[in-house]
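Colleague: I'll drop the sequence and a predicted model, then ask my questions.
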Protein chains: 2
Amino acid sequence: MKTYRLSDLENFDQRYRANFVNSLSGFKSVALVGTYDENKNSNLAIISSLFHLGAHPPLIGMIIRPHSVPRHTLENILSTKFYTINHIREEFYKQAHQTSARYDRDVSEFEATNLQISDISNKAPYVNESQIKFLVEYVEHQTLKVNDTVLVIGKIVEVHLPEEIIESDGALNIEMAGTITCSGLDRYHKTEELSRLPYAKPNIKIE
Amino acid sequence: MKTYRLSDLENFDQRYRANFVNSLSGFKSVALVGTYDENKNSNLAIISSLFHLGAHPPLIGMIIRPHSVPRHTLENILSTKFYTINHIREEFYKQAHQTSARYDRDVSEFEATNLQISDISNKAPYVNESQIKFLVEYVEHQTLKVNDTVLVIGKIVEVHLPEEIIESDGALNIEMAGTITCSGLDRYHKTEELSRLPYAKPNIKIE
C-alpha cells in the first residue's frame, strides 16, 4: 500500500491529479444529458456526476463544472427548464464519450456523434439508442462556493424503459438493459451482477 | 418500451417507488464511511451517493438522508470533522450491506459485521479489508430544502491504495483493485472494463 498526503496531491501535475482524484470516488453514474435551446437546437453532453436525491418526490442531482463542456447544457436547462437523462450502453459509449469534445455552440452533438434524437417529447431531446431514459424538470440550482461547481436538482416527470427489466418489487435490472458505468475521466465498464441482498436488519446473520 | 408519468410514480407503493426511482440514476459510487464519535467509538455506514466534486482542491460530496441509518455518521462527522471513505470489494460486500441495518448508537458496525479497523489514523477508522481508502476532512454541509437531505462536502487529505493500480498518467485502475458498484437499493455488481478512451476533440473521428 502506498500513502499520499494532501501535499502530495497538490504537487501532482494538473492532469495527473485530475485523473487520480477523479478515480477516487469509485464507479460513477454516467449518462447523456439532452437539452434544447430556446430555438430548439439540440445539445447532448456526457455527465458522470449524477446522484439519486430522493424518491418521493423523485429527484435527481448532478454537478456541472462552471467552465466545462456541459455549460451549454446548463444554459439550456435554465432557459427551457427541462432536460433528458439517457443511460449509456456499450453499443454507443464511444459516441457518448465524444460528446465531451468542445464543440461550438451551433453544433449539435447528436449530429456530430451520429446519435439519433428520439422525438417523443418536445421539451427536451431523448437519445434514441438509449434503453432507459427520463425527462427531468428543473427545480433549482446553486453555485457551491467551495469551488464554483454548480449543483443542479431536477424532478423526474417521465420515464421510458423496457418493461422486462422491472422486477416485482419495482427494482430495475439496469444491467439487463445494458447500462454501463465509468471510472475516472475516461474509463468505461460493463457490469456483472453479484446479487441482490435482503433489507438489512440488526439481528440477521450474514451468510 | 413502457412510459411512466410523474403521476404514475406518485401512485406507486412507497417501497416499489423507492426501488424504481433509486435504480434510475444508474450505477452508483458505493463505499463505506468510517467515523469515530467524541469518545472514539467507531461507526461504519454504507453510502451510495458519493460524487466527485473537484480535483484541486480534492473534494468529494455525499448525500445523507436526514432520518436514515447514516445519521450517526453525520453526527460524528460534525463532532470530529473527519471521516474515511473505503471502497468495497466482492470479498466483503455482504458485510458492507449489513452496515445499513439500524444498529443502536452504542453498537459498532465494525464489530457487528466483523470488518476490521485499520488503525492507521486516529482521526477516523479505516476498513482494513478495503484496498482503496482515504481520509476526508469535513468542509461544509447544508440541508437541501427541496427534501431535507443533507449535502456533505469534504476535502481528501490522505489516500491509501495499492501502488500497482496507478497508471502512468495518474488514473487509477479501481477495477483491478476489486472495487465494486451497486444499483438501486440493494444490488451489487463487479465490473469488466470496456476501454479507456482518449481525450475527446471536435475534429477527431470515432473509431
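Modeller: Now that the structure is in, tell me what you want to look at. Numbers count the residues shown, from 1 in each chain, chains lettered A, B, ... in the order given.
Colleague: list the contacts for residue A:124?
Modeller: Residue A:124 makes contacts with A:34, A:35, A:36, A:80, A:82, A:83, A:84, A:135, A:136, as judged by CB atoms under 8 Å, 6 or more residues apart in numbering or on different chains. All C-beta spots, glycine's among them, are computed from the backbone N, C-alpha and C.
Colleague: how about a cut-off of 10 Å?
Modeller: Residue A:124 makes contact with A:33-36, A:42-43, A:76-77, A:80-85, A:117, A:135-137, A:158 under the criterion CB atoms under 10 Å, 6 or more residues apart in numbering or on different chains.
Colleague: Counting only strands, which of those residues make the cut?
Modeller: A:33-36, A:42-43, A:82-85, A:117, A:135-137, A:158 (DSSP state E).
Colleague: out of those residues, who's near chain B?
Modeller: A:85, A:135, A:136, A:137, A:158 (CB under 10 Å from any CB of the partner chain).
Colleague: At which residues are the strands of chain A located?
Modeller: Taking DSSP E to define them, one finds strands in chain A at A:2-5, A:31-36, A:42-47, A:50-55, A:58-64, A:82-87, A:117-118, A:126-127, A:133-144, A:149-161, A:181-183, A:187-196.
Colleague: Between these, which one is closest to residue B:163.
Modeller: Among the strands of chain A, the nearest to residue B:163 by CB to CB is strand A:2-5 (4.3 Å).
Colleague: Rounded mean pLDDT for the closest one, please.
Modeller: The pLDDT scores in strand A:2-5 average 98.
Colleague: chain center to it: distance?
Modeller: 30 Å (CA atoms, centre = their mean, to the nearest Å).
Colleague: go on, stretch A:195-207?
Modeller: Taking mean C-alpha positions (CA atoms, centre = their mean), stretch A:195-207 and its chain are 30 Å apart.
Colleague: C-alpha coordinates for it, CSV please?
Modeller: In CSV, the C-alpha atoms belonging to stretch A:195-207 read as follows (Å, rounded to 0.1, in the frame of the first residue of the first chain):
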residue,chain,number,x,y,z
SER,A,195,-26.6,-10.4,-6.2
ARG,A,196,-29.4,-8.5,-4.7
LEU,A,197,-29.3,-8.5,-0.9
PRO,A,198,-32.2,-8.5,1.5
TYR,A,199,-33.1,-5.5,3.6
ALA,A,200,-30.6,-5.5,6.4
LYS,A,201,-31.7,-5.9,10.0
PRO,A,202,-29.5,-5.8,13.1
ASN,A,203,-30.2,-9.4,14.3
ILE,A,204,-29.9,-11.1,11.0
LYS,A,205,-26.7,-13.1,10.4
ILE,A,206,-24.6,-12.6,7.3
GLU,A,207,-24.4,-15.7,5.1
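Colleague: what's around residue A:67, how many residues?
Modeller: Neighbour count for residue A:67, taken as other CB atoms under 10 Å in any protein chain shown: 7.
Colleague: pretty sure it is touching residue A:148, no?
Modeller: Yes - with contact defined as CB atoms under 10 Å, residue A:67 counts as touching residue A:148 (8.6 Å).
Colleague: Between the ones next to chain B among the ones in strands among the contacts of residue A:124, identify the one with the most neighbours.
Modeller: Neighbour counts for those (other CB under 10 Å) peak at residue A:85, which has 28 neighbours.
Colleague: Quick one, grab the pLDDT at the closest residue to it other than its chain neighbours.
Modeller: The shortest distance from residue A:85 to any non-neighbouring residue, by CB to CB, 6 or more residues apart in numbering or on different chains, is to residue A:31 (4.9 Å). You'll see residue A:31 listed with a pLDDT of 98.
Colleague: Quick check: the closest residue to residue A:35 other than its chain neighbours vs residue A:124, distance?
Modeller: Of all residues not flanking residue A:35 in the chain, residue A:76 sits nearest, at 3.6 Å (CB to CB, 6+ apart). Going from residue A:76 to residue A:124 by CB to CB, to the nearest Å gives 8 Å.
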